[in-house]
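Q: The sequence and its predicted three-dimensional model are supplied below.
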Amino acid sequence: MSKIERIWYHGGIGMIPLLPLSWLFRLLIAVRCWLYQRGWLTVNRFSAPLIVVGNITVGGTGKTPFVIWLTHFLRDKGFRPGIVSRGYGGSASQWPQVVMPESNPAAVGDEAVLLARRCHCPMVVSPNRSDAVKMLLKDFDCDIVIADDGLQHYAMGRDIEIVIVDGQRRFGNGHVLPAGPLREPITRLKSVDLCVINGEPQASDEYRMTLTQSSLYNLQAPEKIDELSIFKGKRVHAVAGIGHPEKFFDLLRTAGIEVVAHSFPDHHAYCADDLNFGDDTPVLMTEKDAVKCVSFTKPDCWVVVIEMAPELKAEVRLSALLKNIDGINN
């Protein structure tokens, strides 16, 4: 955990000099929201309903597994979903970009490639999410759009807002950046349509999301699926370049695996040396990391697949929200 994260989640006097900057940032957030509400800044509206899945904190909350679940949920309801995202970490020289399962993560972003592989639906990325939505609806047969992240991208009009919260870390010290981990004040949750907790809820309007299945496959032979339990009692190198690596390491430890943890920055650009630990101990990594390691993987590299889903009450609530959108009869 970095020094700034210790301040965010465990406090300390190091927070004090950052507070004036947080107060200024909070003021800027309020002014920006007011300008959009008053119509002084343009909100783009689209020909299909749009669901934003985001968070109000920096770092991983479990948003990607939820988006994967949501695409399948909408498809089961009879919708034809498509996904847009920023393409964070992508170095493409031109935007928007269509993302395919075989796309280069360095160009369009690691999370985007992962979603394209897992969701089996059209996906477009761009730093300007509105441009991504327009291309998606123009070039593909989609009747509903999921925006992966973008809760704070107010230029993109939305019909449903879903926030994912890390049930373990919650909101840290409760301050906005840089003194705390919040992108927006906690009061922002009062205006969202669905608050899903990756862990245990603490309020009546929060819905639980839990792990439903964990499996793994060898990166050189992705068709071979095994249970995570095959490594129970064994020592592994665990690699994670995600927003909250400890959550991945804890998952493995809970499965009875002896973990040698290797944390990398979120969206880290891996090279072969990053996976060379000087021994023949197996390497376990997240799906998000794996999309960047295919070209130099070794026989002992394994990818952990995590399936998560919200509780039934959340499904009921989401179904009701969908029915309330004009033009939707599902």
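A: Sure, I can see it.
Q: so how far is residue 323 from the closest residue to residue 51 other than its chain neighbours?
A: Distances taken as C-beta to C-beta, 6 or more residues apart in numbering place residue 160 nearest to residue 51, at 4.5 Å, with adjacent residues excluded. (Glycine included, C-beta is placed from N, CA and C.) Taking C-beta to C-beta, to the nearest Å as the criterion, residue 160 is separated from residue 323 by 11 Å.
Q: higher neighbour count, these two?
A: Comparing residue 160 with residue 323 by neighbour count (other C-beta atoms under 10 Å), the higher total belongs to residue 160, at 19 against 10.
Q: For that one, give me its contacts.
A: 49, 50, 51, 52, 193, 194, 318, 321, 322, 325 (C-beta atoms under 8 Å, 6 or more residues apart in numbering).
Q: which of those count as buried?
A: By neighbour count, with 16 or more other C-beta atoms under 10 Å, the contacts of residue 160 hold 49, 50, 51, 52, 193, 194, 318, 321, 322, 325 as buried.
Q: Could you dump those residues into a markdown table and include secondary structure and pLDDT?
A: As requested, the buried ones among the contacts of residue 160 are exported to a markdown table (DSSP: H, G, I helix; E, B strand; the rest coil; pLDDT from 0 to 100):
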| residue | secondary structure | pLDDT |
| --- | --- | --- |
| 49 | coil | 97 |
| 50 | strand | 97 |
| 51 | strand | 98 |
| 52 | strand | 98 |
| 193 | coil | 97 |
| 194 | strand | 97 |
| 318 | helix | 97 |
| 321 | helix | 96 |
| 322 | helix | 96 |
| 325 | coil | 86 |
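Q: Give me the sheet partners of the longest strand seen in the chain and which way each runs.
A: If you go by DSSP state E, the chain has its longest strand at strand 206-218. When pairing is defined by DSSP bridges, strand 206-218 lines up against strand 194-198 (parallel), strand 221-227 (antiparallel), strand 301-310 (antiparallel).
Q: Out of those, which is the most enclosed?
A: Comparing the strands paired with strand 206-218 by mean neighbour count (mean count of other C-beta atoms under 10 Å), strand 194-198 ranks first with a mean of 23.
Q: Output the below-cut-off pLDDT ranges for the stretch 1-150 of the chain.
A: When residues are selected by pLDDT under 70, those of the stretch 1-150 of the chain lie in 1.
Q: what ranges do the strands span in it?
A: Using DSSP state E, counting those that start in this stretch, the strands of the stretch 1-150 of the chain run over residues 50-54, 81-85, 97-98, 123-125, 144-148.
Q: so which of these is the most packed in?
A: Most buried of these, by mean neighbour count (mean count of other C-beta under 10 Å): strand 123-125, with a mean of 30.
Q: In its sheet, which strands sit next to that one, and in what direction?
A: strand 81-85 (parallel), strand 97-98 (antiparallel).
Q: Distance to residue 73 for these - can I get that in JSON lines?
A: Output for those, formatted as JSON lines (distance: least, C-beta to C-beta, whole Å):
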{"stretch": "strand 81-85", "distance to residue 73": "9"}
{"stretch": "strand 97-98", "distance to residue 73": "23"}
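Q: quick one, domains of the protein?
A: Domain assignment for the chain, taken from automatic domain parsing, gives 3-209+310-323, 213-309.
Q: since we're on residue 119, how many residues are nearby?
A: 22.
Q: Please determine how far residue 150 is located from residue 222.
A: 30 Å.
Q: my bad, should have said residue 161
A: 34 Å.
Q: if I pick residue 148, what's in contact with it?
A: Residues in contact with residue 148, defined by C-beta under 8 Å, 6+ apart, are 53, 63, 64, 67, 83, 84, 85, 111, 115.
Q: got TSV for those, with distance to residue 184 too?
A: TSV is the format used below for these (distance: C-beta to C-beta, whole Å):
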residue	distance to residue 184
53	15
63	15
64	20
67	20
83	23
84	20
85	19
111	21
115	24
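Q: Looking at those residues, which one is closest to residue 129?
A: residue 84 (5.6 Å; C-beta to C-beta).
Q: and that closest one, what does it touch?
A: Taking C-beta under 8 Å, 6+ apart as the test, what residue 84 contacts is 123-126, 129, 132-133, 136, 145-148, 150.
Q: Any idea what it is bridged to?
A: residue 124, residue 147.
Q: What of residue 206?
A: Going by DSSP bridges, residue 206 forms beta bridges with residue 195.
Q: That one against residue 194, yeah?
A: No - counting by C-beta atoms under 8 Å, residue 206 sits too far from residue 194 to count as a contact (9.4 Å).
Q: in the longest helix seen in the chain, what counts as buried?
A: With secondary structure taken from DSSP state H, the chain has its longest helix at helix 19-37. Within helix 19-37, the residues scored as buried using 16+ other C-beta under 10 Å are 22, 25, 26, 29, 33.
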